[in-house]
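>>> sequence and predicted structure, then a few things I'm wondering about:
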Amino acid sequence: MKKQDNSYRKNFSLAIIFLVLTSVMFIIALFVSYNLNAKYVENEFDSKKIYVQEQTTRPYNNLFQNKITEITSYQGFLDSASAARYADSVFQSYHFVRQMVFYDVQIGNQNQGIIIKNHLGISIKSMYLFRPKNNKVEGIRIWNTKNEIDFEQMATKLARFIALSDTTRGSTQDEIYKTFYDVKPGKISYSNILRREDVKILRELQMHPNSPYYSKQTMMTFFLDPYRLKIKNPYKQLYQKVTIQPVVFDPPDNPIGTLVTEAPLPGAFSDYKLYFLSPPGYLNAEINRRFMPVAGLVLLIYCVLVLIGWLIYRNLGINIKLFKLQYDFINNFTHEFKTPVSVIKIAGSNLSGDSELSERQRKQYGRILNEEADKLNELMSKLLSFTQLENKSIELKREPVDVQQFVNSYIETFRLKHPDFKITSHFDGTPTLLTDPVMLGSVLQNLMENAYKYSHPEKRELHINVSGFKRNIVFSFKDKGIGIQKSELGNVFKKFYRIENQYNQNGSVGLGLAFCKELVNFMDGEITVNSKVNEGSEFIVTLPYEN
């Protein structure tokens, strides 16, 4: 027994160590996963600004790459009316364009405007200012103003392109961008792209200045307001506030923990930037949102590990208990066999000895042999019957049984066997029962023997009450024995289980009550027990009238 106790303590210590280590790993996993999530969210705070910038500047890029180039499709024949319609489409789609200047340009062998080599001149035929007003386009013709500076710069680029470009091939994107675009902070100037044939003709005109030739050219300047850009922030969980600020903007002192980042704007907005700000603790909600599934997964893994550990610990405990039960069963069963065998051997030796025996002695030895053989036979029969019940290899033989007569016969037999056992009975509405008399008799015999065995010598009393209840018949066996502790009530019907006390150390293998429960269950009944220590126990067997 001492060895078994040590095993339990050892298993319990291992279980505590396993639980502590698993809990520590769980806490570390939560801490690491939270920090990793926090770091990941902070990295996203720095990286997702590019996506916000792309979404915000997409209209500008579309204007620059697609809408402005539509001017080339007019091939210089854009007049004030068509220019106004074009301007209206720009103002409707791109609200950050606050006004446009349209230049109707003329190129020829003239001495007016900007004079280029060999009398090739580029001049302004007319100039209009367009701006939105009351959801319409207002067009105003303007004269010599500061806008001519933009024209002069574009005209210089155009003249250089005519003089130096290679007409044997198409222009590259880099050449087109450098010649026909002029991007400055707050504005974009653009002239329609010349075809190779036009360049050749204009170059010939340089060689023959007296030949009359004029080429129309369209140029426009778009004035942009960066503060009219619509900021698109799909990551509100990362950025509480996104604003457009000048590049030289010096932010005020923010509270400790405030996250700030910037993203420059492209092209004509290069003097401005997107300014991202999130106050202290703003990202906690996003960190927690992403952390909760991870924490749930870690908790699930922790619960699974604890469950596995508990199952292993429980199985170890059950195995040890089963080993102990089987060990006690073998010891008790060996004792039960050894005692009758020893008695039989002694009686047999006396009968086969050389000394003469009297008739009385021979009868006594014969009775002893019969009694001990009956004990062995009864023990073997109980084991065999138990196995057959568990394997469902026997059949229930139903016969009409007069309950009162049947119970009284067993009471009388038991009184003859144990004269010191006081048995009383009471019958209330007990009709004939259709059941197996052998199985019912085994239940009665085992419960009466159990009551006799676990009673004090001076209190060996048993009251049997049989009554009808609804469609059932109830057998009550109430003794005044030693009783059963409340913690043991759930185990008394288990096979090989014995309550440790001085009353079961001789002649108990832990099969009696288990055998009764199997018999009652086989007869579609139920057996329960109520008990108080030192006051007695009551076993209640409920069987149906008919199955």
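Received it, and whenever you're ready, just let me know what you need. Residues are numbered from 1 along each chain as shown.
>>> okay, now the domains of the chain?
For the chain, the structural domains run 71-228, 395-544, going by automatic domain parsing.
>>> who's residue 543 bridged to?
residue 473 (DSSP bridges).
>>> what sits against it?
By Cβ atoms under 8 Å, 6 or more residues apart in numbering, the contact set of residue 543 is 433, 435, 440, 472-473, 475, 520, 523-525. Heads up, the C-betas are built off the backbone N, CA and C, glycines and all.
>>> give me that answer again for 6 Å
Residues near residue 543 by Cβ atoms under 6 Å, 6 or more residues apart in numbering: 473, 523, 525.
>>> could I get the residues you listed as TSV with neighbour count, distance to residue 37 and pLDDT?
Shown next, in TSV, are these (neighbours: other Cβ atoms under 10 Å; distance: Cβ to Cβ, whole Å; pLDDT from 0 to 100):
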residue	neighbour count	distance to residue 37	pLDDT
473	21	68	90
523	20	63	85
525	22	61	89
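>>> any chance of those in CSV, plus distance to residue 243?
Shown next, in CSV, are the contacts of residue 543 (distance: Cβ to Cβ, whole Å):
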residue, distance to residue 243
473, 89
523, 86
525, 83
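>>> list just the nearest of these to residue 372.
Residue 372 has its nearest neighbour among the contacts of residue 543 in residue 523, at 31.5 Å by Cβ to Cβ.
>>> how far away is that closest one from residue 303?
For residue 523, the distance to residue 303 equals 43 Å [Cβ to Cβ, to the nearest Å].
>>> residue 318 too?
For residue 318, the distance to residue 303 equals 22 Å [Cβ to Cβ].
>>> could you do residue 30 as well?
Residue 30 is 13 Å from residue 303, by Cβ to Cβ.
>>> compare these two (neighbour count), which wins?
With neighbours defined as other Cβ atoms under 10 Å, residue 30 and residue 303 compare such that residue 30 has more, 16 against 12.
>>> quick one, what contacts the more buried one?
295, 298.
>>> any regions of the stretch 51-200 of the chain where pLDDT drops low?
By pLDDT under 70, the low-scoring segments of the stretch 51-200 of the chain are 109-120, 144-147.
>>> what ranges do the helices span in it?
For the stretch 51-200 of the chain, the helices defined by DSSP state H, counting those that start in this stretch cover 80-93, 148-164, 173-180, 196-207.
>>> between these, which one is closest to residue 368.
In terms of Cβ to Cβ, the element of the helices of the stretch 51-200 of the chain nearest to residue 368 is helix 80-93, at 118.7 Å.
>>> okay, buried residues for the closest one please.
83-84, 86-88, 90-91 (16 or more other Cβ atoms under 10 Å).
>>> who are the neighbours of that helix, in terms of helices and strands?
For helix 80-93, the elements it packs on are strand 97-109, strand 120-133, strand 136-141, judged by 3 or more Cβ pairs under 6 Å, 6 or more residues apart in numbering; DSSP states H and E.
>>> if we go to 8 Å?
Contact here means 3 or more Cβ pairs under 8 Å, 6 or more residues apart in numbering; DSSP states H and E; on that basis helix 80-93 packs against strand 97-109, strand 120-133, strand 136-141, strand 214-224.
>>> the bottom helix or strand of this structure by mean pLDDT?
strand 114-115 (a mean of 55; mean pLDDT, DSSP states H and E).
>>> shaky segments in the stretch 251-400 of the chain?
322, 325-339, 343, 354, 371, 374-375, 377-394.
>>> for it, which segments count as helices?
So, for the stretch 251-400 of the chain - with DSSP H, counting those that start in this stretch - the helices run 284-351, 359-390.
>>> sorry, back to before: need the helices and strands packed on helix 80-93 in TSV with mean neighbour count and distance to residue 255, can you?
Formatted as TSV, the helices and strands packed on helix 80-93 follow (neighbours: other Cβ atoms under 10 Å; distance: least, Cβ to Cβ, whole Å):
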stretch	mean neighbour count	distance to residue 255
strand 97-109	22	36
strand 120-133	18	41
strand 136-141	14	47
strand 214-224	21	35
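>>> can I get the ones you listed in JSON lines with distance to residue 13?
Shown next, in JSON lines, are those (distance: least, Cβ to Cβ, whole Å):
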{"stretch": "strand 97-109", "distance to residue 13": "79"}
{"stretch": "strand 120-133", "distance to residue 13": "83"}
{"stretch": "strand 136-141", "distance to residue 13": "88"}
{"stretch": "strand 214-224", "distance to residue 13": "77"}
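>>> for residue 70, find the nearest of the ones you listed.
Of those, nearest to residue 70 by Cβ to Cβ is strand 214-224, at 10.4 Å.
>>> show me what the closest one packs onto, helices and strands only.
helix 80-93, strand 97-109, helix 148-164, strand 187-191, helix 196-207.
>>> swap the cut-off to 7 Å and go again
Contact analysis of strand 214-224 by 3 or more Cβ pairs under 7 Å, 6 or more residues apart in numbering; DSSP states H and E lists strand 97-109, helix 148-164, strand 187-191 as its packing neighbours.
>>> residue 226: neighbouring residues, count only.
The number of residues packed near residue 226 is 20, by other Cβ under 10 Å.
>>> no no, residue 268
Neighbour number of residue 268 under other Cβ under 10 Å is 21.
>>> if I look at it, how far off is residue 407?
From residue 268 to residue 407 the distance is 110 Å (Cβ to Cβ).
>>> got a list of what residue 283 touches?
Residues near residue 283 by Cβ atoms under 7 Å, 6 or more residues apart in numbering: 41-42, 45, 238, 259.
>>> can you do 8 Å?
By Cβ under 8 Å, 6+ apart, the residues touching residue 283 are 38, 41-42, 45, 237-238, 259.
>>> for the residue nearest the centre of the chain, what are its contacts?
With distances taken as Cα atoms, centre = their mean, the residue of the chain nearest its centroid is residue 297 (4.9 Å). Listed by Cβ under 8 Å, 6+ apart, the contact set of residue 297 is empty.
>>> for residue 135, phi and psi?
Torsion angles at residue 135 (phi, psi; degrees, to the nearest 10) stand at phi 60, psi 20.
>>> how far away is it from residue 33?
As judged by Cβ to Cβ, residue 135 and residue 33 stand 55 Å apart.
>>> ditto for residue 478
Residue 478 sits 62 Å away from residue 33, taking Cβ to Cβ as the criterion.
>>> cool, and residue 80?
According to Cβ to Cβ, residue 80 stands 66 Å off from residue 33.
>>> go on, residue 438?
Distance from residue 438 to residue 33, by Cβ to Cβ: 67 Å.
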